[in-house]
Structure formats: C-alpha cells, structure tokens
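Peer 1: Show me the folded form of this:
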Amino acid sequence: MTDFDPDAYLRGTDSGPGFDPDAYLSSAETPHADSKAAAPPVHGTPMLGALETGAHYASSALSLPVQAAASVYKLATSPRGTKANEAAKAVQAVQDAMTYQPRTIEGQTQTAAADAVLGIPGRLADRATNAIAGPNGEGNEGLAAAANVGIQALPALLGVRGVRSVPGAVGRTFNEVGKQINSAPRGWGGTAPATAEQVLTQAAQNSPQSMGAASAAPRMQSVSPELQQAVVNAARQTGGAVPPETLGRHIEADSLPVKIQLTPGQASQDPALLSHEMNNRGRIAGLPELLNEQNQKLGQNVRAIRDQVGPDVFSANPVEHGDTLIQAYKAKADAANADISQKYQALRDAAGGDFPVSAPTLLKNATSALNQELLLDHAPKSVMSTLGRLADNDNMTFQNFESLRTNLAEVMRSSLDGNERRAAGVIRSAMEDLPLKPGAAELKPLADTARSAARAQFQALDADPAYKAAVNDAVPPDRFVQKFIVGAPRDQLALMRENLQGNDTATQTMGVAALDHLGQAAGIDRGVFSQANFNKHLQALSPKLGSLFDPKTVEQLETLGNVARYTQAQPRGSFVNNSNTLVGAVANHAANAAEGLANVHSGLPVGTIARKVLEGRADKRLAKQTMTPYGGLTKLPEPPEK
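Peer 2: I've put the predicted structure just below:
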C-alpha cells in the first residue's frame, strides 16, 4: 500500500483531475437551473455574516436524518450498479434543499472560506463511494452509501455543537438572521447612484461632517473613467456610499501626470490592512512588481512635472542651471548700464560735447563721504590718484567718467579686501550724484535723469544678493543654485523672480533647478524614491514654492508628496515586518503545528490537505483584493451616531 500523497491529490493524476477548490466553490454557489433566480446579496456586517454562516451549518446538520432516509430509499429502489451514485445524489439534493444559503456579502464570504476546509470531506466522500462501490457498482453499494452519508455529515457536525441542540440553535439563528437582514445597512441609505458625482453628493448629504466627500465631489469630473466606474460599482455594492478618505487618496494618485495604483491598505491607510498587505507581499502575486512600479512612477512624475515647468530649459545639472541664471543677470545688468550710459551721453550732448561734471567737487564729496565711513585709508589708491589729477585740471571728460565707473566696479567685484570694496562703493555713489560745474544749472533735469538711472541700478544690485553676486562673479555656477534658490530666504527668491521676469528661460530654470534638487534628494538618479526625503525637502521649499511655480504645479507637487507617503509611510498602529522574516517564521510555525495536530488526530494527512487548500485559496483571494485597481472603496466607515 502506497502512502497517500496530498500534493499529488491536489495536483491531479492521469486517472482524473485534482481537487480544485475554486471550481468546487464556484459549482457550489451556482443555483440549479430550475430554481428561482437568487436575489442579489446585500451589504451586511461581519457579525451578521457570522450568524448566517452558523445558520448554514446548523440547517445542514438538521437535514442529516432526512439525508439518511433518502439514501436508504434510493438503495432500495435504484437498479443495481447505480444504487451508490443515486444515493449520493439524493443526499446532495436533500442537503441543498434544506441548507440555509447566506444572503449577505459577508455571510457568503465567510461561508465560502469555511467551506474551503469543511467541504473537503464531501470530495473525499465521492472518492470513497467510487472506491467501495466500484466503477460499475460491483462492490458493496450499501457500505459505499453509508460511507458517503457519514463523511458528508462531518462539516455539519463540526459546524454546530451537538446534534440534539440543533433545532433550538436553528430557530434562534434564523430569528436573528431575519432581524439583521431586515435592518441591514445599505451604505448610509438610498439607492445606488448612477454616476460618481452622485455618489459623492449623496455621501456629503448623508454625512455633512465628512469634508472628504464634499471636497472630492468637484474633482470627480477630472479623474479617469476607470476610477469613476469603480466608484459607481462600489456604491452599488454598498448601497450608495463610498469611504470619502479612501476615495480622496485614489483621486490624488489618479490625478498625477503619471497615474499610480494604490493598494486598498495604502488608499485607506488602515494600519491593520496595510500591515497585512505588506507582511504578505511575498505571497500576493503581483504585489512586489506593483510596489516597484510605484517607486518608478514616483520618479517619473518628478520628470513629467519638470518637463511641464521647463519646456525651454536644456540645462541638465546644478552647474548649468547656475550658469544660465548668472548669464541672465549679467544680460540684465548690461541692458541697465547701456541705458545709464545713454542718459549720460544725452547730458554731454546738451553741454555742447563737454561733460559738465565738476571734478574738484566730486573729489571733495567723495573724500568727505569716505571720512564719514572711516574708509579714507582703504580707498583704492589708483582711483584716488586719478581723481586728484582730474580735480587739479578740472577737465573730466565723459570718457574719464565712464572709465572711473568701470574701474570702481572692478574693485568692488574682485578685491579681496572688504574695506576696499566698501570704499569703492562710496566713491561710485559720489560719482552718481553728478556734481555739475557752475553755470550748468540748465542741465540739471538731464543730470537728474542720468543720476536716477544710475542710482536705481546701484540699489537693485544691493537689494538682490543673487544679482550682485552674478554681476560681480562672487559665487561660482556650481554653488549658485544651492545658495540663491534652495537656501535663499523667501523674500530674496521672490525678488530674484521679479528681477528675471521677462526672461522665460531664466524663470523656468529657477523651477527646474528646484525640481532637480527634490528629485536628487528623493534618490531618483539612483533608481529609488524616498518619500521621507522628498517630503522633507518639499516642506523646506514650501514658503518659496509660489515664487518657483504656478499654483497648478504647486498642487501637483503637494499631491505627489502625499501619494508617495501613502505608498511608503507606515501609519501609527501598523505592524509591518520590513525584514519579511519574523512574521513569516511565526506564521509558518503556527501552520506547521496545526497541520501536524490534524494529521495525528485523524490518522490521515487531512491537515496537510487542508493547509494547502486554505493557503492556495487564501493567496488567490488576498491577491484579488489587493491587486484590484481602486480597491478599498467598499469598506465603509462606521455610520455616524444619530
């Protein structure tokens, strides 16, 4: 006698197919062709589902005497060779007729789960009947029928305690089930709406305090048709309601440039459900791939938003971004200086070709200002020498004036002595005051115009550190973005945006540089995406986002940060085993113990079979629940108390 191989039994042999729990459950739930169409299941509660499961097995146990009588009748009346099969059919018919079938989704789900194990004896009974009676009925058909009835009775006998208590249990259970079904909640009331907008409108009306439903309703028109249909389907199952917070998270993930699929646990942020998904990620077909896909799509969203923000930007790294911004500032300064020079030239032309600035007065004003700032000893010696010579001759030409301004700008830009740079600035300010020669009063309006233009440019450089640093080459390109975009105060960045307004490439580069910083912080250049780092740096940029992006882009970035958190963060109360070893070891130990105990008590490998059937069935169900797009929309929060 060979040992019984449960794996071979489940897999099937050449003599016949193996035991297929899915096919078995599907066939068990299919109504007879001549029966009335079953009413669609209603949404109940877990407690109601448990009561219905109890009623199912209690009523099945109550039918045992009738099953036995039907079996005896068929044994007596059926032709030889068909007795065992006819008796088995009679037993099954009586059981189907007298067994209560759950009417709620929860009851059907729980009963199906229990049948995955308790239904195994029925399949074994068929095999025992065929083995004892023989393929043509040449064996002991009476013994075969008795074995069939006895083994078929195991699920019912295991489902209720004591056959003598069955009638009372059945009565009490049916009573309670009837009450529960009559009062079973259908969402929060009403018939199932036809559109997603109607679902959310009804949810907001039935739960005025639910801001999630109210805020999600206007956004439904812009989400994908697939999500809208999922909302409608879920509402039809629940009776008209969907969990607004879960839906809101699905809407966020669906609204990104590159859409991201969330698992039910991620969308609901339910600590227990999310932990269950993550702790079973090795058993859920497709989940590891989905998690990797989420990671990749988070990075793809950063790149997609970057393309939207910078269609005219071709720089690819912080050094190139910095160089672009520096050149934009220098172009702005060149234009301002050209305008100032033009105004000085107008003053010169009005003076008949001479430049009507008094060199002695200029030297006197500059020396006085330097003394007040205690900077006279730090003044550039070459500049002071030139001023002294021009003052002695009192013959400063326009070219002399422009050369002095250029020389002072060079000192201010390149001198390593801070006091010398400050002194050069004081002298240049004195020059911009344009002290006119006696008798040139009529030229004052032109002088004032030139003076105002020069002073405005001088003040613009002082007000915007990035502008001044760019013009003076004080900060190299490789540090420009970090210093003046990532690390700049909010108001300075706003001024930078204002100064570069009109230069689309420059303003777009500001946003692209910030996005590249976020992407690098998240790790997308390494093929990963850290939501913690992304959100940390996004939060740091938060006060300045309005100066970098338009409102739509700001919303997209905040949504991307939220979705990234849903996919990776572990809410308080979760128990995710990140190493995926401890939880798996504990579960296997418990399963092995239960399997061994069942095998010892039965003398047959019933525990091994049951475990394999349960694991296969549970894995398929868990995979379907977890991998279905837009999952979690049928899990409603508790209705508000009235």
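Peer 1: Give the buried residues for the lengthiest helix in the chain.
Peer 2: Taking DSSP state H as the criterion, the chain has its longest helix at helix 318-350. Neighbour-count burial for helix 318-350 flags 318, 320-326, 328-329, 332-333, 336-337, 340-341, 343-344, 347-348, 350 (criterion: 16 or more other CB atoms under 10 Å). To be clear about C-beta, it is placed using only N, CA and C from the backbone, and glycine gets the same treatment.
Peer 1: Beyond it, next helix or strand please.
Peer 2: Downstream of helix 318-350, the first helix or strand assigned by DSSP states H and E is helix 359-372.
Peer 1: The stretch 451-600 of the chain: helices as residue ranges?
Peer 2: Using DSSP state H, counting those that start in this stretch, the helices of the stretch 451-600 of the chain run over residues 465-471, 477-481, 490-499, 504-522, 531-541, 545-548, 551-568, 582-602.
Peer 1: Now render those as TSV, adding mean pLDDT and mean neighbour count.
Peer 2: Output for the helices of the stretch 451-600 of the chain, formatted as TSV (pLDDT from 0 to 100; neighbours: other CB atoms under 10 Å):
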stretch	mean pLDDT	mean neighbour count
helix 465-471	95	22
helix 477-481	97	20
helix 490-499	96	18
helix 504-522	97	22
helix 531-541	97	18
helix 545-548	96	20
helix 551-568	96	19
helix 582-602	49	13
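Peer 1: Quick check: which of these is nearest to residue 272?
Peer 2: helix 582-602 (13.3 Å; CB to CB).
Peer 1: Now render the helices of the stretch 451-600 of the chain as a markdown table, adding distance to residue 306.
Peer 2: Shown next, in a markdown table, are the helices of the stretch 451-600 of the chain (distance: least, CB to CB, whole Å):
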| stretch | distance to residue 306 |
| --- | --- |
| helix 465-471 | 22 |
| helix 477-481 | 14 |
| helix 490-499 | 18 |
| helix 504-522 | 5 |
| helix 531-541 | 14 |
| helix 545-548 | 12 |
| helix 551-568 | 10 |
| helix 582-602 | 39 |
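Peer 1: how about the helix or strand hosting residue 392: buried residues?
Peer 2: Using DSSP H and E, residue 392 falls within helix 381-393. For helix 381-393, the neighbour count (16+ other CB under 10 Å) marks 383, 384, 386, 387, 390, 391 as buried.
Peer 1: these two touch, right, the fifth one and residue 358?
Peer 2: No: the criterion here is CB atoms under 8 Å, and residue 390 misses it with residue 358 at 10.1 Å.
Peer 1: Which one of the helices of the stretch 451-600 of the chain lies nearest to residue 269?
Peer 2: Nearest of the helices of the stretch 451-600 of the chain to residue 269, taken as CB to CB: helix 551-568 at 6.7 Å.
Peer 1: CA atoms of the closest one as PDB?
Peer 2: Taking Å, rounded to 0.1, in the frame of the first residue of the first chain, the C-alpha atoms of helix 551-568 are listed here in PDB:
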ATOM      1  CA  PRO A 551      -0.400  77.200  -8.500                       C
ATOM      2  CA  LYS A 552      -1.200  74.100 -10.500                       C
ATOM      3  CA  THR A 553       2.400  72.900 -10.300                       C
ATOM      4  CA  VAL A 554       2.400  73.600  -6.500                       C
ATOM      5  CA  GLU A 555      -0.700  71.400  -6.100                       C
ATOM      6  CA  GLN A 556       0.800  68.700  -8.200                       C
ATOM      7  CA  LEU A 557       4.000  68.600  -6.100                       C
ATOM      8  CA  GLU A 558       2.000  68.500  -2.900                       C
ATOM      9  CA  THR A 559      -0.200  65.700  -4.300                       C
ATOM     10  CA  LEU A 560       2.900  63.800  -5.300                       C
ATOM     11  CA  GLY A 561       4.300  64.100  -1.800                       C
ATOM     12  CA  ASN A 562       1.000  62.800  -0.400                       C
ATOM     13  CA  VAL A 563       0.900  59.800  -2.700                       C
ATOM     14  CA  ALA A 564       4.500  59.000  -2.100                       C
ATOM     15  CA  ARG A 565       3.700  59.000   1.600                       C
ATOM     16  CA  TYR A 566       0.700  56.700   1.100                       C
ATOM     17  CA  THR A 567       2.800  54.100  -0.700                       C
ATOM     18  CA  GLN A 568       5.700  54.100   1.700                       C
END
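Peer 1: got any ranges where the stretch 51-200 of the chain has weak pLDDT?
Peer 2: 67-68, 70-76, 80-81, 83-84, 87, 115-194, 200 (pLDDT under 70).
Peer 1: Residue 424: which of the helices of the stretch 451-600 of the chain is closest?
Peer 2: Nearest to residue 424, of all those, is helix 465-471, at 13.5 Å by CB to CB.
Peer 1: From the contact counts, what lies against the longest helix of the chain?
Peer 2: Helices and strands touching helix 318-350, as assessed by 3 or more CB pairs under 8 Å, 6 or more residues apart in numbering; DSSP states H and E, comprise helix 398-414, helix 444-463, helix 465-471, helix 477-481, helix 504-522.
Peer 1: thinking again about what came up before, nearest to residue 56, of the helices of the stretch 451-600 of the chain?
Peer 2: Nearest to residue 56, of all those, is helix 582-602, at 22.3 Å by CB to CB.
Peer 1: on that earlier part again, out of the helices of the stretch 451-600 of the chain, nearest to residue 287?
Peer 2: Of these, nearest to residue 287 by CB to CB is helix 551-568, at 12.0 Å.
Peer 1: hmm, who's touching that closest one?
Peer 2: Around helix 551-568, the neighbours that count as contacts under CB atoms under 8 Å, 6 or more residues apart in numbering are 249, 252-253, 255-257, 260, 262, 266-267, 269, 291, 294-295, 298, 301-302, 305, 308-309, 511, 518, 522, 529-532, 534-535, 538, 545-546, 549.
Peer 1: Which neighbouring elements make contact with the helix holding residue 392?
Peer 2: Applying 3+ CB pairs under 8 Å, 6+ apart, we find helix 381-393 packed against helix 359-372, helix 398-414, helix 418-432.
Peer 1: Now tabulate those helices in CSV and tack on mean neighbour count and mean pLDDT.
Peer 2: Below are these laid out as CSV (neighbours: other CB atoms under 10 Å; pLDDT from 0 to 100):
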stretch, mean neighbour count, mean pLDDT
helix 359-372, 18, 93
helix 398-414, 16, 88
helix 418-432, 19, 91
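Peer 1: So the protein: which segments form each domain?
Peer 2: The record's domain parsing of the chain by automatic domain parsing lists 6-182, 200-312+578-642, 357-433, 477-568.
Peer 1: what about residue 255, neighbour count?
Peer 2: Number of residues near residue 255 (other CB atoms under 10 Å) recorded here: 19.
Peer 1: I'd assumed residue 223 was in contact with it.
Peer 2: Yes: using CB under 8 Å, residue 255 makes contact with residue 223 at a distance of 6.5 Å.
Peer 1: thinking again about what came up before, so for the helix holding residue 392, mean pLDDT?
Peer 2: When pLDDT is averaged over helix 381-393, the result is 92.
Peer 1: got the angle between it and helix 398-414?
Peer 2: Calculated by axes from the mean of the first three to the mean of the last three CA atoms, to 10 degrees, helix 381-393 forms an angle of 160 degrees with helix 398-414.
Peer 1: shift numbering so it begins at 213
Peer 2: Got it, the first residue is 213 from now on, which makes the last one we talked about helix 593-605.
Peer 1: Just the C-alpha atoms of helix 593-605, please, in CSV.
Peer 2: The C-alpha trace of helix 593-605 is given here as CSV (Å, rounded to 0.1, in the frame of the first residue of the first chain):
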residue,chain,number,x,y,z
LYS,A,593,44.9,104.4,-4.3
SER,A,594,44.9,104.4,-8.1
VAL,A,595,41.3,105.7,-8.2
MET,A,596,42.1,108.5,-5.6
SER,A,597,45.2,109.5,-7.6
THR,A,598,43.2,109.7,-10.8
LEU,A,599,40.5,111.8,-9.1
GLY,A,600,43.2,114.1,-7.7
ARG,A,601,44.8,114.7,-11.1
LEU,A,602,41.4,115.4,-12.7
ALA,A,603,40.5,117.8,-9.9
ASP,A,604,43.6,119.8,-10.4
ASN,A,605,42.9,120.2,-14.1
